[in-house]
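[1] Build me a model:
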Amino acid sequence: MSLKRTAFYDMHVALNAKIVEFAGFEMPIQYSGIIDEHKRVRETVGVFDVSHMGEVGVRGKDALAFLQKITVNDVAKLSRGRVQYSAMCYEDGGIVDDLLVYCLGENHYMLVINASNIDKDFAWMQKNCLGDVTLKNQSDEISLLAIQGQKSLATLQQLTDVDLSKIEYYHFVEGKLAGVDMIISRTGYTGELGFEIYFAPDVATGTKIWNAVMEAGKKFDIGPIGLGARDTLRLEMGFCLYGNDIDQTTHPLEAGLGWITKLDKGEFNGKSVMTNAKAEGLKRKLVGFTLAEKAFPRHGYAIHSNGNKIGDVTSGTFSPILDQGIGMGYVPLNMSKPGTEIAVMIRNKETPATVTALPFIKH
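    From the prediction side, this is the model:
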């Protein structure tokens, strides 16, 4: 099967990006280097091509009831112009995917899902469809750029009449930017001030917007950011990555996603399992940890305590901001308190680590 390319592929190549296969796409993993790109987002502003993400339109008079059934958060709290972070679960509480729910109007929503899960997620939605609901996989009909960093608002404000300072976190507007109709959303995966913009996926439109954003941000030393820095940025904030920190073997409560899991909203997939888990008490918990030495924890490394294995690293990296190794993993509940001493097996050696409150980076 041939790999897909986003509308920005030729620009990535022209910028000498290192291209890798990711979720069926040819995507840029880095340009100038992961550490340089990471610091650019933390200090000024950077642009990510995340057009590989999936989008599903949900319409119909039973759209709300359908979304209440398949997601763990309370979609009834949304009104037009608002966004919600949520997750879909199987009946056993395992996570199908984490996602964003956009309320585009009465009986009209858009779900933004992970690129590697598009086919699986859409099949799950179809299987759970009920009443008057129309589902449409719009993933190939939308381009998506994320402009993230302290100077993201100042960069984009030059290109639109929309007052971006009025858009609250997890809210969006529909308007023009660089003369193009789009959704301008105050969301992101970096922990910084940032926006995600959704628009038509043709190359000419993409080129126009990309060049306009780069020109507007030139005075702030704007630059393109690859998927490598996207991962290190999200990990510094303790944000979960599907396939690493959450999957069908984990449920939202043990993954630290109890804040989006509304057990009092009525029936939804996995509710009974999570209600019981809460009543019985969690057996394990996803925690953050920092390494005492300059070492690099990786996904799959064993976590030890007193010489015994107690869990596995789900995500790990070397934090460019903290200048130390950081990671996340599941440990028994009695080992999950910040300050608890653990160890990570790196090259057959126990490397001392400390359970650390998330996020690692405090703004």
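[2] For residue 133, see how far away residue 88 is.
    15 Å (CB to CB, to the nearest Å). (Each C-beta comes from the backbone N, C-alpha and C, glycine too.)
[3] so residue 296, which of the three states?
    Under DSSP: H, G, I helix; E, B strand; the rest coil, residue 296 falls in the coil class.
[4] Can you tell me the closest non-neighbouring residue to it?
    Of all residues not flanking residue 296 in the chain, residue 318 sits nearest, at 5.1 Å (CB to CB, 6 or more residues apart in numbering).
[5] for that neighbour, phi and psi?
    Backbone dihedrals for residue 318, given as degrees, to the nearest 10, come out at phi -100, psi 120.
[6] more neighbours, residue 88 and residue 133?
    Set side by side, residue 88 and residue 133 show more neighbours around residue 88, with 24 against 20, by other CB atoms under 10 Å.
[7] and the more buried one, that one's in a helix?
    No - per three-state DSSP, residue 88 lies outside any helix segment and is strand.
[8] I figured it was touching residue 73, is that so?
    No - with contact defined as CB atoms under 8 Å, residue 88 does not reach residue 73; the gap is 10.3 Å.
[9] Quick check: neighbours shared by those two?
    Residues within reach of residue 88 and of residue 73 at once, by CB atoms under 8 Å, 6 or more residues apart in numbering: there are none.
[10] can you tell me how far residue 359 sits from residue 279?
    Distance from residue 359 to residue 279, by CB to CB: 29 Å.
[11] where do the strands sit along the stretch 51-200 of the chain?
    Secondary structure of the stretch 51-200 of the chain (DSSP state E, counting those that start in this stretch): strands at 54-59, 83-89, 95-105, 108-113, 134-137, 143-148, 172-177, 180-185, 194-199.
[12] hang on, the earlier thing: with neighbour numbers in mind, choose between residue 359 and residue 279.
    residue 359 (15 against 7).
[13] was I right about that one contacting residue 234?
    No - Residue 359 sits out of contact with residue 234 when judged by CB under 8 Å, with a separation of 9.8 Å.
[14] what do those two both touch?
    Each of residue 191 lies in contact with both residue 359 and residue 234 under the rule CB under 8 Å, 6+ apart.
[15] hmm, back to that, show me the contacts for the residue nearest to residue 296.
    232, 294, 296, 324, 325, 326.
[16] Name the nearest of the residues you listed relative to residue 264.
    Closest to residue 264 out of those is residue 326 (34.2 Å), distances taken as CB to CB.
[17] how far away is the closest residue to that closest one other than its chain neighbours from residue 119?
    Among residues not flanking residue 326 along the chain, residue 319 sits closest, at 4.7 Å (CB to CB, 6+ apart). According to CB to CB, residue 319 stands 34 Å off from residue 119.
[18] where does residue 248 land in three-state SS?
    Classified using three-state DSSP, residue 248 is coil.
[19] quick one: contacts for the residue nearest to it when sequence neighbours are not counted?
    Leaving aside its chain neighbours, residue 248 sits nearest to residue 94 (3.7 Å; criterion: CB to CB, 6+ apart). If a contact means CB under 8 Å, 6+ apart, then residue 94 has 247, 248, 249, 250, 251, 270 as its contacts.
[20] do the same with residue 114
    23, 53, 54, 97, 98, 99, 121, 242, 243.
[21] Residue 351 bridge partners, please.
    Applying DSSP bridges to residue 351 gives these bridge partners: residue 344.
[22] With respect to residue 36, which of the strands of the stretch 51-200 of the chain lies nearest?
    strand 143-148 (15.0 Å).
[23] any idea how far residue 70 is from residue 99?
    10 Å.
[24] What of residue 260?
    Taking CB to CB, one finds residue 260 at 14 Å from residue 70.
[25] For these two, indicate the residue with more neighbours.
    When residue 260 and residue 70 are compared for neighbours, residue 70 comes out ahead with 25 against 16, by other CB under 10 Å.
[26] For residue 284, list each beta-bridge partner.
    As assigned using DSSP bridges, the partners bridged with residue 284 are residue 332.
[27] Let me know how buried it is, in neighbour terms.
    Neighbours of residue 284 (other CB under 10 Å): 18.
[28] Next up, the contacts around it.
    254, 311, 330, 331, 332, 333, 336.
[29] Residue 196 now?
    50, 144, 145, 146, 147, 185, 187, 188.
[30] quick check, nearest of the residues you listed to residue 109?
    Proximity of these to residue 109 (CB to CB) peaks at residue 185, which lies at 13.7 Å.
[31] partners of that closest one in the sheet?
    Here residue 185, judged by DSSP bridges, has bridge partners residue 172, residue 196.
[32] cool, and residue 112?
    In this structure, residue 112 bridges to residue 55, residue 100 when assessed by DSSP bridges.
[33] In this structure residue 55 contacts residue 112, no?
    Yes - in this structure residue 55 lies within contact range of residue 112 using CB under 8 Å: 5.7 Å.
[34] Much appreciated, bye for now.
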